[in-house]
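**Student:** Task: produce atomic coordinates for the following.
(chains A, B, C and D)
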2 protein chains.
Amino acid sequence: MRTTAASEYGCLALLAIGERGEGWCKRQEIIDRFAVPGAFLEQILRKLTAAGFVVSRRGAEGGFRLARPAAEIVIADVMRAMDGPLAPSRSVSENFYQPSPLEASPAYHQLFRKVRDAIAAILEQTTLEDILDAERDHHRKPPRAGRRAGPRPAPRRR
Amino acid sequence: MRTTAASEYGCLALLAIGERGEGWCKRQEIIDRFAVPGAFLEQILRKLTAAGFVVSRRGAEGGFRLARPAAEIVIADVMRAMDGPLAPSRSVSENFYQPSPLEASPAYHQLFRKVRDAIAAILEQTTLEDILDAERDHHRKPPRAGRRAGPRPAPRRR
DNA sequence: TCCATTGTTGACAAACACGATCGACAAACC
DNA sequence: GGTTTGTCGATCGTGTTTGTCAACAATGGA
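**Tutor:** Next up, the predicted model:
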């Protein structure tokens, strides 16, 4: 039940790019920050551009920038663009359906659909902005064992 | 975020074996019922045996039988035995941990862990007995478009 | 104008996992 | 003994994943 490295790297790249805000984020910055193989990242950035998550600019002072507000970039969409289906089996995928012997068992079919829905529910509800916020939060308070107290900051939902 | 065919076939095999109750279920029966490639299924049955889910008997009238009550066979364990980690990334796996660049981002790391937990929650809670029950249920009432009483039959989309 | 920087493109290739097959063998039953 | 059925180990093609490379194009600055 694994994602690919491409999906992980893609998400991380968006994080690095998003943190730069209006500025242009160079590929090299991403490489330095997350220690991902540069030549591979290049391919991933291409995909992110093609999928419309980021825009690019060449030349000195070039780089990548988000194509739209972070709040409008849904993680589920990012992973689908990189990886294909979120669903554990294509036979229960909304967007990439394909038949499979699994369908011969209604019970399993429904179980797998439940798994798919659970995954989708989380990933569809999370935007890049949520990630950026959480990352900033985490920077402010060094990683402690206990999770914060107090009246939670109102879960940000799109 | 996919499972392998081996995992699907393994689950289906257990279903077929479980349905035979005390009797010995031959490989051929499983092949006939689910249209899975026989030689491949053999490998899967070997794994299921090695993992202690089923026991086997050779010779004419041989076959496979559950090694313990269906209620004690947890689907999560089955899939782990077939596929490895349930987690979407090894960096958030409880049982198969490995480092990954993802850990450089606490926000993503937590998000992925949430996904892992959601998957595990469903699969750890479901036993083969649940599947057997659901399958029987489904047999009693022929596959109709509408789910029981309720207002609209909720358009079946895939 | 020319150069350094940076993204763009397409092709390529190594490594690995997946899905599947085969042949020889071992037990159980008739 | 022969048939049925599971066991084992090896192998293998294919596709995907991960990663590299070289040539090219645009941008900004000297």
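**Student:** three-state assignment of A:Ser91?
**Tutor:** Secondary structure state of A:Ser91, per DSSP: H, G, I helix; E, B strand; the rest coil, is helix.
**Student:** For it, give me its contacts.
**Tutor:** A:97-100, A:102-103, A:109, A:112 (C-beta atoms under 8 Å, 6 or more residues apart in numbering or on different chains). In this view, the C-beta of every residue, glycine as well, is placed from N, C-alpha and C.
**Student:** Repeat that for A:Asp77.
**Tutor:** Residues counted as contacts of A:Asp77 (C-beta under 8 Å, 6+ apart) are A:Ala51.
**Student:** what comes into contact with the helix ranked longest in chain A?
**Tutor:** Criterion DSSP state H: the longest helix present in chain A is helix A:106-125. Identification of contacts with helix A:106-125 by C-beta under 8 Å, 6+ apart yields A:74-76, A:79, A:86-89, A:91-94, A:102-103, A:157-158, B:1, B:8, B:11-12, B:15, B:75, B:88, B:111, B:114-115, B:118-119, B:121-123, B:126, B:130-135, B:138, B:143.
**Student:** still on that earlier bit, format the contacts of A:Ser91 as JSON lines; extra columns: secondary structure.
**Tutor:** Shown next, in JSON lines, are the contacts of A:Ser91 (three-state DSSP):
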{"residue": "A:Tyr97", "secondary structure": "coil"}
{"residue": "A:Gln98", "secondary structure": "coil"}
{"residue": "A:Pro99", "secondary structure": "coil"}
{"residue": "A:Ser100", "secondary structure": "coil"}
{"residue": "A:Leu102", "secondary structure": "helix"}
{"residue": "A:Glu103", "secondary structure": "helix"}
{"residue": "A:His109", "secondary structure": "helix"}
{"residue": "A:Phe112", "secondary structure": "helix"}
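**Student:** ChimeraX command for the buried members of those?
**Tutor:** Selecting only the buried entries of these in ChimeraX, with 16 or more other C-beta atoms under 10 Å in any protein chain shown as the criterion:
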select /A:100,102,109,112
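**Student:** Quick check: of the contacts of A:Ser91, which lies closest to DNA strand C?
**Tutor:** Comparing these against DNA strand C with C-beta to the nearest atom of the strand places A:Ser100 closest, at 9.5 Å.
**Student:** Look up the closest residue to the residue in chain A sticking out farthest from the centre, ignoring the ones flanking it.
**Tutor:** Most distant residue from the mean C-alpha position of chain A: A:Ala104, 33.0 Å away (C-alpha atoms, centre = their mean). What sits nearest to A:Ala104 in space, not counting adjacent residues and going by C-beta to C-beta, 6 or more residues apart in numbering or on different chains, is B:Phe34, at 5.4 Å.
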